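Asks: next come a sequence and a model predicted from it.
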Amino acid sequence: MKTISYLLTLLLAIGSHLAKAQNASVEATAEKILETYAGYKETSIRDRRFKHEEIVPLIERLQGKPGFEVSVVGQSVEKRNIYLVRIGNGPTPVLLWSQMHGDEPTATMAIMDLFNFFADAGGPLDDWRQLLMKDLSLYFIPMLNPDGAERFQRRNALDIDLNRDAVRQQTPEAQILKRVRDSLQAVWGFNLHDQSRYYSVGRSGMTASFSFLAPAYNFEKDVNPVRERSMQLIVELDQLIEQYIPGQVARYDDEFEPRAFGDNMQKWGTSTILIESGAYPGDPEKQQLRRYHYLLLLSAFEAIRSESFAQQNKDDYFLIPENKRLLHDLILREASWERDGHRYRIDLAFRQKEKLYNGARLVYREGQLVDMGDLSTFTGFQELDASDMLVQSGKLYPRVFFDLKELQRETDFKKLLQDGYTDVRLQRLPPNEIAAELPLRLHPANTKEVSNEIKLYTNPSLLLIKGDEVQYAIVNGKLYEVNQ
Ligand SMILES: [Zn+2]
């Protein structure tokens with residue numbers, strides 16, 4: 001008995017040593033992946049609203065590169081080609097699809113960078129590149145929903161959510177994904193999405209830059225070997241990425257969704273991991289996240305190739321904090337608010353809504369008051385302690401100006417705000433994207449009055465007052481310091 005237990009201890013020790021060694025190799029590789037990234041970044045894609053026509057040449061030029069196979073596997077509702085790119089010739093088929101939601105493009109950007117990496121035969125990390133291509137067959141469907149990307153919207157051209165069409169199979173895009181999975185009998189699946197910037201890592205107040213999910217395959221959320229492998233791989237990826245963005249990684253809700261692809265992939269026997277790209281502070285176009293996504297995918301390939309994921313404990317998956325929707329863009333804390341002779345102490349939360357223009361290629365932002373009351377369980381990307389201030393509605397300036405030029409020439413914006421004027425009328429209004437950036441709200445010349453009442457789901461211009469002086473103005477959901 002003693003010998004057996006000693007042997008067991010020894011085996012366990014070797015096992016954990018091996019796991020460490022293999023993790024170390026993934027980590028060392030990670031450093032090199034990031035060091036060489038700049039050389040592979042696809043520079044023609046610079047923001048999130050690129051279109052199908054911009055990625056087609058990037059895919060077409062891969063045709064004929066060693067180890068690549070490019071094919072058209074079908075067309076979207078509006079007849080845009082959907083591509084399957086195969087890299088490598090190994091025994092383990094891995095399927096990745098991105099942007100099944102048209103406005104969730106971070107992974108597509110990372111995949112374009114990955115294509116450049118794999119196409120650079122003889123470049124840096126070549127030994128490792130060849131290993132990946134020998135052990136794995138990587139199949140990419142970049143931008144599964146090109147019609148949605150065209151409009152930068154979630155759903156496809158029929159306004160159907162592809163991720164609720166895994167079973168009914170009515171859309172051509174969902175049919176393509178199912179057909180490709182079945183034909184490959186993919187062992188691994190990567191379901192690549194973007195999530196709202198308002199997701200936080202548990203109650204920490206930190207933004208969830210990435211969220212992982214090993215989808216459930218039944219309502220009971222059972223764990224079978226297929227799902228267990230997804231969990232183990234996620235544990236390994238979480239450990240890695242936490243070193244670069246500590247505290248910014250969460251676990252997505254694993255409620256079973258019988259119509260979704262991730263859940264069904266798992267059911268069909270493909271170990272599936274969902275990666276949601278969230279927000280990264282100061283990175284609205286997600287270029288930092290794109291770089292970390294590239295790192296995540298290459299590291300995942302290494303973990304699958306070397307089987308280092310198998311050393312991970314699936315139970316550690318549940319230690320990753322859950323995604324919670326507890327963020328706002330701006331929170332004003334504990335302002336005094338007078339109404340009907342009462343004085344209330346309230347928090348006010350604003351969010352910025354993206355408004356698309358120029359054929360959904362550009363974006364400006366519009367503020368909205370989204371919550372009020374006790375918001376102590378929420379965190380703002382920006383917060384202000386207003387506990388010694390009174391919140392009031394901003395006023396409409398009496399004079400009507402001709403245009404923005406005249407307004408700029410004849411007034412001092414700061415002086416207007418100090419006098420409590422947040423709203424101004426113009427005969428000739430500038431485009432919305434310009435108006436949205438101003439510390440004053442602009443209205444047509446015939447506007448009679450502006451209420452700026454503190455009312456949910458509106459965009460009121462507000463003042464924060466201490467003593468008799470305006471300290472701050474909130475215009476279009478943005479905070480401006482006035483008394484400075
Ligand atoms: Zn999505």
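Replies: Noted; the coordinates are in hand. It should be emphasised that the depicted structure is a prediction, and the values quoted were computed from it without experimental measurement. Residues are numbered from 1 along each chain as shown.
Asks: when you work out contacts or count neighbours from here on, use the C-alpha atoms and nothing else.
Replies: Will do.
Asks: nearest residue to whatever residue of the chain ends up closest to the ion other than its sequence neighbours?
Replies: Residue of the chain nearest the ion, by C-alpha to the ion: H193 (4.4 Å). Excluding its sequence neighbours, the residue lying closest to H193 (C-alpha to C-alpha, 6 or more residues apart in numbering) is E276, at 4.7 Å.
Asks: looks like that neighbour contacts Y199 (just checking).
Replies: No. Look at E276 against Y199 with C-alpha atoms under 8 Å: they stay out of range, at 10.5 Å.
Asks: still on that earlier bit, burial count for the residue of the chain closest to the ion?
Replies: 24 (other C-alpha atoms under 10 Å).
Asks: any stretches of the protein with poor pLDDT?
Replies: 1-25 (pLDDT under 70).
Asks: at 90 instead, please
Replies: 1-29, 483-484 (pLDDT under 90).
Asks: helices of that one, start to end?
Replies: 2-35, 52-60, 106-119, 126-135, 146-151, 172-184, 225-242, 261-268, 287-306, 404-410, 413-418, 432-435 (DSSP state H).
Asks: could you dump these to CSV with mean neighbour count and distance to L479?
Replies: Compiled in CSV, the helices of the chain are given as follows (neighbours: other C-alpha atoms under 10 Å; distance: least, C-alpha to C-alpha, whole Å):
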stretch, mean neighbour count, distance to L479
helix 2-35, 14, 36
helix 52-60, 15, 37
helix 106-119, 24, 29
helix 126-135, 17, 48
helix 146-151, 25, 30
helix 172-184, 18, 43
helix 225-242, 22, 32
helix 261-268, 23, 40
helix 287-306, 21, 25
helix 404-410, 12, 20
helix 413-418, 18, 12
helix 432-435, 14, 15
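Asks: could you chop this structure up by domain?
Replies: 2-324, 327-481 (automatic domain parsing).
Asks: the last one: how far from the chain's middle?
Replies: In this view, domain 327-481 has its centroid 27 Å away from the chain centroid, taken as C-alpha atoms, centre = their mean, to the nearest Å.
Asks: quick one: end-to-end length of that domain, please.
Replies: In domain 327-481, first residue to last residue: 22 Å (C-alpha to C-alpha, to the nearest Å).
Asks: swap in stretch 140-153?
Replies: End to end - C-alpha to C-alpha - stretch 140-153 spans 21 Å.
Asks: and what of stretch 433-447?
Replies: End-to-end for stretch 433-447, by C-alpha to C-alpha: 20 Å.
Asks: pull out the buried residues from that stretch.
Replies: E433, A435, A436, P439, L440, R441, L442, H443, A445 (16 or more other C-alpha atoms under 10 Å).
Asks: what about those, which are in strands?
Replies: Per DSSP state E, strands hold the following members of the buried residues of stretch 433-447: R441, L442, H443.
Asks: now K455: closest residue in space that isn't a chain neighbour?
Replies: L369 (7.4 Å).
Asks: in contact with that neighbour, which residues?
Replies: L369 is in contact with L348, A349, F350, R351, K455, L456, Y457, T458, N459, P460, G477, counting by C-alpha atoms under 8 Å, 6 or more residues apart in numbering.
Asks: make a PyMOL selection of the buried ones in these.
Replies: Those of these that count as buried under 16+ other C-alpha under 10 Å are selected in PyMOL with:
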select buried, resi 348+349+350+351+458+459+460+477
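Asks: tally of neighbours for V475?
Replies: With other C-alpha under 10 Å as criterion, V475 counts 25.
Asks: wait, isn't it in contact with E437?
Replies: No. V475 lies out of contact with E437 (C-alpha under 8 Å); the separation is 9.4 Å.
Asks: which of the ones in strands among the buried residues of stretch 433-447 come close to the ion?
Replies: Applying C-alpha under 5 Å from the ion, the subset of those adjacent to the ion is empty.
Asks: give the contact list for T272.
Replies: W188, G189, F190, N191, A214, P215, R227, S230, G262, M265, Q266 are the contacts of T272 under C-alpha under 8 Å, 6+ apart.
Asks: state the distance from the first one to L95.
Replies: Using C-alpha to C-alpha, W188 is found at 6 Å from L95.
Asks: and if you look at the fourth one?
Replies: For N191, the distance to L95 under the criterion C-alpha to C-alpha works out to 9 Å.
Asks: who has more neighbours, these two?
Replies: L95 (26 against 22).
Asks: near the ion, which residues of the protein show up?
Replies: So far as C-alpha under 5 Å from the ion goes, the chain lies against the ion at H101, H193.
Asks: for the closest residue to L84 other than its chain neighbours, give the beta-bridge partners.
Replies: Nearest residue to L84, sequence neighbours excluded (C-alpha to C-alpha, 6+ apart): I141, at 4.9 Å. Beta-bridge pairing for I141 (DSSP bridges): W97.
Asks: contacting residues for the closest residue to G278 other than its chain neighbours?
Replies: Of all residues not flanking G278 in the chain, S209 sits nearest, at 4.4 Å (C-alpha to C-alpha, 6+ apart). S209 makes contacts with Q248, V249, S277, G278, A279, Y280, L289, as judged by C-alpha under 8 Å, 6+ apart.
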